[in-house]
Each structure stands twice: as C-alpha cells, then as structure tokens.
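In: What follows is a protein structure lacking sequence information:
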C-alpha cells in the first residue's frame, strides 16, 4: 500500500461524476476549478460530458491509466469500482459513501470489514469510507466532496481530521493556508497514523493540525510524534474526549477506541504535542506556527498597546495564563522615555499612547527599543485590526512593523486584537507576509502564547522518547501480591525497600526484631487480607520483646477471626520507619499506551485536590522532576511551616526507577501503588507497596 | 449639578468647531451626520462656516441658549469657555483636552483641581477632561471626538468606560447596539458612579457595560449595584487590576484609586454583577443580554450541532466551564429517534447530523423537541456562521429558528460558532431579530453561558445588600488585643467562646481548672507576647493539680525569659477542647469597602492552596453557606476518609455572626483572625482568636 498514490497522484478518475450538487457534482466542480486540465478523468454511465469535459461510461472505457479513483457513488457500488480501478492501475481510492461502521449496525460493520479485506487483497490505499476527501494544495489535487469558499489557500498547514465538518470549517476560515487538508472518515484502510506520518515527513508541511478521536496504531503514532519532536515540527492536536460525554461521543462517532483522556495528556506532554481545546485554537495555533518565521529564542513577552485600558487587559489576561512580562532593562526604559510622549510611563506591558500610531518612524523606533531588550523573546502588539478600517493608525503601524520585521535580528511578533470579527484581509495579509500572525482576542491569544512558550521551551533530548507499547492483552484479570511479595518484586528491579522479613514463628520474629533493633512493626503476611489495618493485623511501634510476643499472637488471632479461610504466610517484621512527608507513587497500565507512572502528595492533596501528575513510562530524571514540580503541593518540598527542605532528587530517582521497572514489566504489571513513600530531608523510604499482576 | 443637561441636552454647542481632523473636526462631522439640524451650534473665532453650517466667532455671539458645551480646544482655554457657556444657560460640558491629572505632574493635578472647583461654583456637570465624549443613541446626541464606522447602532446597551479606546473598539464591533456610549476620562466632576446611576435608571438601557479602573464614591456605587440587582438589570463590568501589573496600570492611567482585586470580586458577587475578563467578553456578554428576550427559567443547556466532531467540542469545552448538559427525558429521546436519521444517536449534547440542516420543517421539529424537554433551560445551537456563505444550510436553519422562536413558550437560544471571523451580517441580524445572539467561539461561548447561568440563578433577596462603607480613616495604626481580650470582644457581640479565665495566682488557676474539669490548657495572658507557643507559654493537656502547678510556674518563667519587659496580665486557664476539623475565619477591613469576612479550611488548604472564600460583611446565612460550598476543601464537610459529616450550619452561623459584628464595628475593627475554629459533627468551638483594632 502506497500512500503517495493516494495523496500525490498524477492522474485521478472521478467515478460518479455529475453536474448535480452532491458528492459527484461538487467534486467535479472542485476538480475543474483547481486541477490542471489533463490530470483527471470523469466516469458516469449516463453522461458523455460533465460541465463541458469528456465523461466516460465505464472505468474500463477510460483511455489511460490513473493513480487514484475518487468514488462518489453509493456503498453498494464501491467494491466493483475498486476492482475495475485497480485494473486501470489505480493504487488508491477515496470513498465518500456512508453505510459502514459509523451507522452502528452489524451490516455496517460487515460492509467495512469486507472493504478493508478487499483493499488489502488489491493492495490499495483507501481514504474513508464516510469521508469528505482531501485537498493537496501543494500539487493542486482536489478530490474533495464539498464546495468551499474560494480564496488563495496554498500554504504550510497540513490538516488531518476525523471530522469532515471540522475540515470544512478550517477551509472556510479567512486566514488559513494549507499544504493538505485530509478528511479521514472511518479510516478503514489508511489510518490517522498513516496520514500523520505522511505530514510529519512532508516537506511542504510546516505544521501538522489534527482533529483526533482515537488512536489505532499506537507504536506508529508514537514513532510519528517522536520524529516530529526531533525535527521540532509543531503537531497541534484537538483531541476529543476530555469530558466523559465527549469521550463517549468520540467513541461512537467514527467507531474509534477512545482512551483515558489523562493518558493522552501525558503522551502529548512527553512529545511536545500542542493540545488545543477547540476548533478556534486549532486554527489559530496552526496559523501562528505557519506564519511565524521562527520560534522565540527565549521566554519573556513584551506587550505594546495604544491605550491604558487595553494595556491593563493584556496585563490581567496574560497573568491568567502564566505569561511572564519581564521588566524592561534600565537602558530600554531610558530610550522609551525619549521615544514616547512625556505623559507615557514606560513599563511592560507598555501603554505607548495612541499618538505614536500615527508616525511610522516613531512607532518603529519604539518597537525596535522594546525588541532589543535582552529579556524579551517575543513582542505582542495589541491592536484591534478592524474588518472595515475607520482609523488610519493601522496603515502607519503596519508599515512600521514591516520595516522592523525585515531587519536582521528581528524577534518574533504577533498581533492581538481586543475584539473578534476584525482581521481586515488586506492588512492581515501584509502582516502575514511580514511574519506577524493576527491572533484571536485576548482570552484565546494569551492561552495560545502560552502554548508557544511551552513548545519553544520543549527539549526532546530531556525526555525518554523510545517507547514500546504493551502487547495486546487477551484478558484483564489481575492478581494481587502480598505486601512482602510486592516489595520483593520492587527489590528485584533495583528499588530499595526497608528491611523486613516474614517470620513463621514467634522465635523468628524475635530474631528479626533483634537484628533490626526496636521499635519494629508487625503485619500479617497474606495476599488474601488486603485491608490489614481494618482486620486488626497491623501493630506499629513495638518497643520490646514482651510487646512483640503479645502483638504476634494478636495479629494471628485477628487474621483468623477476620477471614478463617485466608492463607497466612506468616507475620511480617519490619524496621519502624521515621515518619516523613507522605508521597504516593503509582503505576497504571493503559491498555493502549502501556504503563503510566503517577506521583502525588498524600492525604488531602490526592484525595481532595486530585493533585497528581502522570507521565508515560519510562521517564528521564528531568521528566520526573517536572512531574514533581507541576504538583500544586510541590511547595512542601521547599520546606513547609518552617520545616526542612525535602529531598526531591531522591523522589525523582525513585520515580525514574519505578517507571523503568514498569516499562520493563509492561506485559505483566497491571498496577502498582506505593503508598506512602516517606520523604525526608535526605532520602526516602517506601512504607507500603501493592503490586497487581496480570494472570 | 444635573446629569440630564449633560447626557440628554436639547441643544449643544461645539466650541472649537473645525473641518480639520482632530477633536473639533471629527466632532463636527459626527454632529452633522447624526444630529437633527437646529439641535447644535458651532463656535470658532476664525470661521463663519463649518462644513457649510453657520459658525459663530464667540460663545457670546451664539444666538440662543444651549444646554451642553462641547469644548474641543486645548486645556488653557477651557475655564473661560466654561464661564461663557454657563452664561448662555449651559448646565453641562464635555472637555476633550488633556493636560490634567493623567499627566502625573503637579501642574496637571492643579489644573484638574481648579477645573473641579470651577464646575462646582458654576454648578456644571462636566464630562472629562481627557475623555472622548459620548453618544446618546436614544435621542441622537453625538458629542464624540472620534469617527467610527457608520452602521445602525441604536440599541439597549449602555456603555461607560474609563478608557476611550475601549469605547471606540466597542463602537466599531459589528453587532453592538447602544443606548449610550460614555467615555468618562478623568471623571473630575461627573464620576463613574454618576454615569452608572444614570444608566441603571435609564429606561432605554437594558444592559449596563462598564470598563472600570477604580471606584471613587463607594456608597453611591453600592447603591447603584443594589438598584440594578433589585431590577434584575444586568451590569457587566470589565474591572482592571486582576494582576499586580494591571492594578498598577489602572491606578496610574486615569489616577483612580484601585482597590484590592479580590475585594471587587466579593462586591460583585454580592450584587450579581457579571465580571468579565476582557473586551471581547464585555462586548459579547452585553450583546447577549441585549438580544435575549428573557433569562432561562431553569439551568440546563441543550447543545445541538450538525457533526460529531463539533458536538464533542461542545461536550468537552462546556464541561471546562461547569456547563450542565442534563440528560434528555425518555420521551424526548424517543421523539428525536423518529425525527433524526437512523444513524444519529440522540443524546445531550446532540449530533443532529448535517442532513437536518437542509430541511426547515425537520430542523424546526427537532429543535421543538429539544426545547420542550423539561430539563432544558436554554438551547445552544452550534454552527459556524460564516462571513461569506458557501453552504446554504444557514438559510434553512435560520428559517427554522425564526419559526420556533416566535412560538409561545419558546426557550432562550444562542448560536455558538466554532471559528471567529464569521457572523455574516445579514444572518446575524435575522437571528438577532429572532432574539438569538451569536456568541464568540466555544472557549468564550461556554464561559459566557456560565455567566448567564449564574446571573439567572442570582437572587437579591438571598443576600445582605444594605451596606454602609466605613468612614474615611485618618490613620491606619492598629493595636493587637490579647487572646483573652479578643475573645471577650467577640463575646460582647454574641459570639460564643469556650470557658476561660485569667488567673492571677496559682490558686485562682486551680480554682478555674476545678470548675471546668481536667484536662485544661494554660497560656500566658499578654498582648506583648504574640507568638505564645514559640515563647514556651502554652501548655495543653494538663491532667491534674500537680501538672497545673508545674505548668503555671514554667509559663511565667518562660514569659519572663522571652521578654522581660512584657506586661503580663496573668495566666489564662481554658477548658481543653476536643480536636476537630480546623477552619479559619477572619476579617479584613478594606479601606474602601469596609469589612470583608473570609473563611477557609486550616493547614495546607489555606497555606498551600490558598483555598479561601471572601464576602463583604454583613452576610446572610445563604451567603455564608455559599462561601463554604465554594471551597475546594468543602468535601471535608461531607465526611472525609469515612469520618462523620461536619456541622456546616454551625460554621455558617458563626460566619454570619462574625460578619455582623465586623459590620457593626467597621470603624474600629481592623483585623480579626479566628484560627482555628474546631468543627465537629455537632457544633463548633473557637480555639484561638486575635483582634486588631484601629487606635
């Protein structure tokens, strides 16, 4: 199967060509308007011409071979047409028809399975079914089933979407320019991961924009993300299913398997994928990356505006999204004082006053000054670029921006309007040519600048990116290990646990305690008794031999009373740990993406605030530290209530080891819960652990 | 001073009339374009005509009297012109000139003070200085110094803004329609509160939209908000200064006093003010309220869309803003199954499939079904209303919406596009006429629907709205009371505290302990020793007379060692409280708005998560309960880790009493910190309290 035949065909054949509105008619209109004469054939059993172009009665009658069959006819006709197209040399097809998996019936599923099998047999790359087709703007290929507004659209954003409607919306958005727009439909043959791979490798695509409902081929997906990360090519993904209702919808819409949403967050974080929240962000973020000549070389945004009110909005909304407005250096302030009117008060964000917007040189001068401040990585120009120009300020400002943008060492700039429905096309285009994207209004804009800062700060070399997903699991049954077995399992993977031993008699218990030194802890050793404390089978702070003897007896008695059938391995004797700050480290094995390692602070942090951080295993030390530092409760590590600083390095090391172990055991380890880990000023100690393994 | 002469003048006189662009020229252009012939005079010493209209050399030469002087000339000329205008009967003036307080110099401040005094002497209502003027769309009065795009703008949103630029942006926004737009400038005479009062009372104004940097007259401000709340007239405020940098900017911009931002949140919450985050929200929220025929009668939003992808976005983004999508009732689902294509799966949010958008009756039918579900209060129609129409769906949908909107019992509807730059004017207008506002894209839209739900749920009768701000304070020096004095102060205001007594001898201490019963707590009683525990002056869990004697001696000894100069009142003997869940209740006395009462859960909740809730005192029981329920840690009240439910009613009662006391003592109480309050399954107990009073 060759995806090139699908997306970069020399010749296409539209089957079901028509002049009526609908798949056939709209596709023909698109093909005639945008494609080179001679690069397409039309087929329709009832017509000799379509819009004045020759049309053949059957595929067989087509006078030459072609690469791509564009099948506009209903579901029942598709299979025969694929075969006859294959006979004409077609290695690929686009199928618009519905009536497959998306209808939810057994018949639909069967139709789709048959279609998939046939394409495998014929070795054909098929887009769809139930799709809207695609446009290759780079080579002018337009097998797309809906009309869209005609503007110059050739650009560098490569879109692939599991929703045809979202493709259409993006195609009708005034400023968007594409390399490819692909509506994948049901992805019965060529899958989302295949398109992603194509766009990541495609040289005409500078940014990949994706609407994703679920992933089918995890290893390929991760490999694509890794390649994009290594190339620093931005991948912007609108992933459905953040909410429970959204997740259910995504799963039912094209029949994709939709994984746990937080897992996707972790995967995307690892590979520097920019996850956006809606279609507007997908559009605006992709457009921004496609227009900006380069990434900011350092964090720090300078905000320049024409009024105090607007400057205040930038200060306030920027802070909401964690935008850092570095103070200007003394030299910058001094030069601004010379360049701005006397009543302006230079600061960042900057109110330049409206006066400056009527003088190209003065505006350019102030812009240069702000840009040259070493603390500034990007300049955000606040201005409501109106659709209809009532105020000439924009003429002068645009000229000044063009001047400065063309100078060597110019830093990235964006324009932030305060109201939507603005973006006068002429000026937006001029700014685009100068490398300055016009963002949506402030609440979106500063969120988008936050994405940009995170992408610019991402370093693939800091992350473990070599992933191997677990083998598909037949069964999901799990068995719990006892505490002692769990700790031995961890020990076997180089994770240090406190001293402990299973005593099979009181004498053995006394011997162990003598060796560790009092106080000690006694617990029942039985994988049948999960809630040891509730069963009265945990005794802490045992101070001497007398107490040990008593505790030993009681634990066995209580265990018997609690569950007479429980299999008892003995009594666990542990050294008594000094209490420390409680941290929880856990592993969950995602059915698609494999082990996810989690950490959080104990007690209310996890239970009330759900303050946990997750990463895909394995993780680097840098990733483990980022996990800890992203916790709201991280402040505890800096010394809480006058306490000492905690050893975050030791916790990070432990996370790295746990994640490494989880990755190594990805086909056996179902769950791990180390709760709590005591963290000290120096070092950590695992107080309790529970391992669940797949049977 | 009569604000009517300013905002509703019969005749105006433009002084400094001109044909050149600038204040004089642009104002004349506006006046001629929008005002009735004969409702204005022009004055300029150098001209007999302006744009073909008669122009007088001096104010004295004007042949009749006028109500409003519109002074377009520089600062130095203003005072004389005010006097001559007053002589012509003018009760009001607009002054565009700058050179006053905003320039930050002593000269500027002096100019402004002189202007304020003069207006008082002349009894004139002055707008500005350093303003852009205003437009009264209701009566066609247009003394505004900047040209804006000309569209039909007569509507029901009353805008008042401390930023002229923000007025201009709103005036150029395609869908906005106004009763008034007022640029207040420096508010040297007529203040923000006066304009607010005017707009709250004005019958042509359905919604008040405000850009606010600070409040000058707190009692008037609160009275206006109360009147708006009682009338249920929406007041939408963009308040500068959420961030520290924004706060500094707002303070310097027009020289307003900018209070603590969280205090404004509390004030706005009490009066049901809708606080927005940027200009886009100010525009969109005001527009929404002005277009909607009424408020939703119940919470619960139904989302209807044409594709699965867009439906998923609505599910996900809606959840982010806490939008409740109630499940449809069985009857609704059944009818939708009949009305939608067989492959659609009815649910809320609803993917109707695109098929329906091409059939007016089918679309209207499904819309009626969704609307008639008793769980639904509002219908949000997801559709990207494009600027240029490429797809005819909107024609059919609009017709269907118009049909259903006109039917009795129709519920409120909004349209949510997925991309900005859309809002085709013709269709937006038709939807507006049908009472259906088109919101900005989803991230804004669902936030705005959240504001709408909160406003619809607001009940003024649940709140204490009768406020009296504290008297202006000369000094801010405070004195701390001792723990015992603090508790006595609370007792004096009907707030119950545990039994305790200051013992001046060991014998007195023994007697008190005997009375309360052991165990007891001993603490030093001295307002000079603030940190009693650090000084070793707190002994808890004293079990018997022997321990008491020892503790008594040690405390006095430690106190002397800690601070030999400290004045010692004696030793406080307290009954030992049972430990409970720790809550903190406090009061801060805001210099503008008076006492603010705060509550939060103790420990990490307050210290790490800053999980506190604030309200302006006094508060009703309903307000106190809302405060508690808004805490993230509120879950603790429901019983944490299998614990018992806590007595939230008792905490709410305590908050109400504390707030009442704080309001009564607003001129004396500087701060109060009750930390901790122990909360039990039944009741509460104040373990410690600290009162700071103004000297």
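Out: Nice, thanks for sending it over. These figures come from a predicted structure and were not determined experimentally.

In: ranges for the strands of the stretch 101-250 of chain A?
Out: When assigned using DSSP state E, counting those that start in this stretch, the strands of the stretch 101-250 of chain A occupy the ranges A:125-127, A:133-136, A:154-161, A:178-183, A:207-212, A:235-239.

In: Adding mean pLDDT, mean neighbour count and distance to residue B:327, write these out as JSON lines.
Out: C-beta here means a position set from N, CA and C on the backbone, and glycine is covered the same way. Output for these, formatted as JSON lines (pLDDT from 0 to 100; neighbours: other Cβ atoms under 10 Å in any protein chain shown; distance: least, Cβ to Cβ, whole Å):
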{"stretch": "strand A:125-127", "mean pLDDT": "98", "mean neighbour count": "27", "distance to residue B:327": "36"}
{"stretch": "strand A:133-136", "mean pLDDT": "98", "mean neighbour count": "25", "distance to residue B:327": "36"}
{"stretch": "strand A:154-161", "mean pLDDT": "97", "mean neighbour count": "24", "distance to residue B:327": "28"}
{"stretch": "strand A:178-183", "mean pLDDT": "98", "mean neighbour count": "26", "distance to residue B:327": "31"}
{"stretch": "strand A:207-212", "mean pLDDT": "98", "mean neighbour count": "28", "distance to residue B:327": "26"}
{"stretch": "strand A:235-239", "mean pLDDT": "97", "mean neighbour count": "25", "distance to residue B:327": "24"}
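
In: Could you point out which of the ones you listed sits nearest chain B?
Out: With respect to chain B, and counting by Cβ to the nearest Cβ, the nearest of these is strand A:207-212 at 5.9 Å.

In: Confirm for me that residue A:346 is in contact with residue A:333.
Out: Yes: taking contacts as Cβ atoms under 8 Å, residue A:346 lies within contact range of residue A:333: 4.9 Å.

In: quick one, which of these two is more surrounded?
Out: More neighbours sit around residue A:346 than around the other of residue A:346 and residue A:333, counting by other Cβ atoms under 10 Å in any protein chain shown; the figures are 20 against 16.

In: what secondary structure does that one sit in?
Out: Following DSSP: H, G, I helix; E, B strand; the rest coil, the label given to residue A:346 is coil.

In: got the phi/psi numbers for it?
Out: Note on residue A:346: its backbone torsions stand at phi -60, psi 130 [degrees, to the nearest 10].

In: Which helix or strand contains residue A:486?
Out: Per DSSP states H and E: residue A:486 is located in helix A:483-492.

In: by contact count, what packs against whichever helix or strand comes after that helix?
Out: Note on helix A:483-492: by DSSP H and E, the next helix or strand toward the C-terminus is strand A:500-503. Strand A:500-503 makes packing contacts with helix A:483-492, helix A:506-516, strand A:570-575 when contacts are defined by 3 or more Cβ pairs under 8 Å, 6 or more residues apart in numbering or on different chains; DSSP states H and E.

In: coming back round to it: tabulate the strands of the stretch 101-250 of chain A (TSV), appending distance to residue A:115.
Out: As requested, the strands of the stretch 101-250 of chain A are exported to TSV (distance: least, Cβ to Cβ, whole Å):
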stretch	distance to residue A:115
strand A:125-127	7
strand A:133-136	16
strand A:154-161	20
strand A:178-183	17
strand A:207-212	22
strand A:235-239	26
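
In: now the ones you listed in JSON lines, with distance to chain B?
Out: Output for those, formatted as JSON lines (distance: least, Cβ to the nearest Cβ, whole Å):
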{"stretch": "strand A:125-127", "distance to chain B": "17"}
{"stretch": "strand A:133-136", "distance to chain B": "14"}
{"stretch": "strand A:154-161", "distance to chain B": "7"}
{"stretch": "strand A:178-183", "distance to chain B": "10"}
{"stretch": "strand A:207-212", "distance to chain B": "6"}
{"stretch": "strand A:235-239", "distance to chain B": "7"}
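
In: Show me the one of the ones you listed that comes nearest residue B:58.
Out: Ranking these by their distance to residue B:58 (criterion: Cβ to Cβ) puts strand A:154-161 first, at 61.8 Å.

In: what's the helix holding residue A:486 packed up against?
Out: Judged by 3+ Cβ pairs under 8 Å, 6+ apart, the packing partners of helix A:483-492 are strand A:500-503, strand A:520-525, strand A:689-694.

In: Which one, of those, ends up nearest to residue A:459?
Out: Distances from residue A:459 to each of the helices and strands packed on helix A:483-492 were compared using Cβ to Cβ; the minimum, 32.6 Å, belongs to strand A:689-694.

In: tell me the angle of the closest one relative to helix A:483-492?
Out: Here strand A:689-694 points in a direction 80 degrees away from that of helix A:483-492 (axes from the mean of the first three to the mean of the last three Cα atoms, to 10 degrees).

In: Can you spell out which helices and strands pack onto strand A:689-694?
Out: Under the contact criterion of 3+ Cβ pairs under 8 Å, 6+ apart, the helices and strands touching strand A:689-694 comprise strand A:478-480, helix A:483-492, strand A:669-679.

In: average pLDDT for it?
Out: Averaging the model's pLDDT scores along strand A:689-694 yields 94.

In: Buried residues in the helix holding residue A:486, which are they?
Out: Residues A:483-490 are the ones in helix A:483-492 that count as buried (16 or more other Cβ atoms under 10 Å in any protein chain shown).

In: what's the closest of those to chain B?
Out: Minimum distance to chain B across the buried residues of helix A:483-492 is 20.7 Å, recorded for residue A:483 (Cβ to the nearest Cβ).

In: Mind telling me which of the helices and strands packed on strand A:689-694 the model trusts least?
Out: The stretch with the lowest mean pLDDT among those is strand A:478-480, which comes in at a mean of 90.

In: burial of the spatially closest residue to residue A:504 that is not a sequence neighbour, as a residue count?
Out: Distances taken as Cβ to Cβ, 6 or more residues apart in numbering or on different chains put residue A:570 closest to residue A:504, at 4.4 Å, once the chain neighbours are dropped. Residue A:570 is flanked by 17 other residues according to other Cβ under 10 Å.

In: how about whichever residue of the stretch 51-200 of chain A sits closest to chain B, what does it touch?
Out: Here the residue of the stretch 51-200 of chain A nearest chain B is residue A:163; by Cβ to the nearest Cβ that distance is 2.6 Å. Applying Cβ atoms under 8 Å, 6 or more residues apart in numbering or on different chains, we find residue A:163 in contact with A:183, A:211, A:213, A:253, B:307-310.

In: Please list all residues in contact with the closest residue to it other than its chain neighbours.
Out: In space, and not counting its chain neighbours, residue A:163 is closest to residue B:309: 2.6 Å by Cβ to Cβ, 6+ apart. Contacts of residue B:309 were listed using Cβ under 8 Å, 6+ apart, and they are A:161-163, A:165-166, A:211, A:213, A:240, A:253.

In: Pipe the residues you listed into a markdown table and attach distance to residue B:206 per row.
Out: Listed next are these as a markdown table, based on distance: Cβ to Cβ, whole Å:
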| residue | distance to residue B:206 |
| --- | --- |
| A:161 | 41 |
| A:162 | 43 |
| A:163 | 38 |
| A:165 | 35 |
| A:166 | 36 |
| A:211 | 39 |
| A:213 | 42 |
| A:240 | 38 |
| A:253 | 40 |
